[in-house]
Every structure is written in C-alpha cells, then in structure tokens.
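Chemist: the sequence and its predicted three-dimensional model are supplied below.
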Amino acid sequence: MDPKPFSELEEAMPLAARKRAHDKAQRILSEIRLQELRKKRGLTQEQTAQILNVRQNYISKLERQQDCSLSKFRQYVEALGGKAEIFVYFPNDETVQIPL
C-alpha cells in the first residue's frame, strides 16, 4: 500500500476530528520543554540564539511560551542539531509520517 499525502487524508477527516487532532498536537508540543532539549545538547541560550541569528531574549521567551508554532519548533530543533517529524496515527492502524 502506497502512503497517501497527508493533505488527502486530512481532507477525508471530519472537521471535528481535524480540530481534535490539531488540539492534541498543540497540547503535546506545549508539554515538550525546549529548555530541556537545549540543555541536553549542552548549549546555552546565547549559543542557540547565535545559531538562529536572533537575540538571547528571543530564545528565553520561546522557551517560556505555553504554545510554540511548528515552524518555530522545527527551527529550534534544527539549531540544536536535531530533526523534527510528526507521526499521525489513525484508528485503522494507518500511520503517516510528516517531516517538518
């Protein structure tokens, strides 16, 4: 079975299911502590800011935010040398991997 594009799967989902999936993704992202990721990589806020070409206070604010956009999350993870992906699991055991 060939994997389907996420947009095609999403379009087939009822609007309420899409909203629940989005809300759950936001909750999961808010539970991830960016500061913990940075510290595990042995980087300071200043070093991370230099990699992202932003000021240190931007990193501080980003790490304290309750919600973080996927694009900011991806940039932050890549600055730490990582790669972010999302896996979507459907009730019929279909899994879709979405690189960010």
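Modeler: Everything's here; your move.
Chemist: which residues sit against the lowest-mean-pLDDT helix or strand in the chain?
Modeler: Lowest on mean pLDDT, DSSP states H and E among the helices and strands of the chain sits helix 15-31, with a mean of 77. Applying CB atoms under 8 Å, 6 or more residues apart in numbering, the set of residues contacting helix 15-31 from outside is 10, 13, 66-68, 70, 73, 86, 88. The way it works is simple: take the backbone N, C-alpha and C, and place the C-beta from them, glycine included.
Chemist: and the contacts of the helix or strand hosting Q97?
Modeler: Assessed by DSSP states H and E, Q97 sits inside strand 95-99. Residues outside strand 95-99 that contact it (CB under 8 Å, 6+ apart): 3-4, 6, 9, 83, 85-90.
Chemist: neighbours around the nearest residue to L100 once chain neighbours are set aside, how many?
Modeler: Using CB to CB, 6 or more residues apart in numbering and skipping residues adjacent in sequence, the residue nearest L100 is R74, 4.1 Å away. Neighbour count of R74, defined by other CB atoms under 10 Å: 18.
Chemist: how near is R74 to R55?
Modeler: Taking CB to CB, to the nearest Å as the measure, R74 falls 20 Å from R55.
Chemist: ok, and the most crowded of the contacts of helix 15-31?
Modeler: Most crowded among these, counting by other CB under 10 Å, is F73 at 19 neighbours.
Chemist: okay, it: pLDDT?
Modeler: Per-residue pLDDT puts F73 at 87.
Chemist: now do M1
Modeler: At M1, pLDDT is 64.
Chemist: and the helices in this structure?
Modeler: 6-12, 15-31, 34-40, 45-52, 56-64, 70-79 (DSSP state H).
Chemist: circling back to that earlier point, I figured the residue nearest to L100 hits A84, correct?
Modeler: Yes: R74 is within contact range of A84, at 4.8 Å (criterion: CB atoms under 8 Å).
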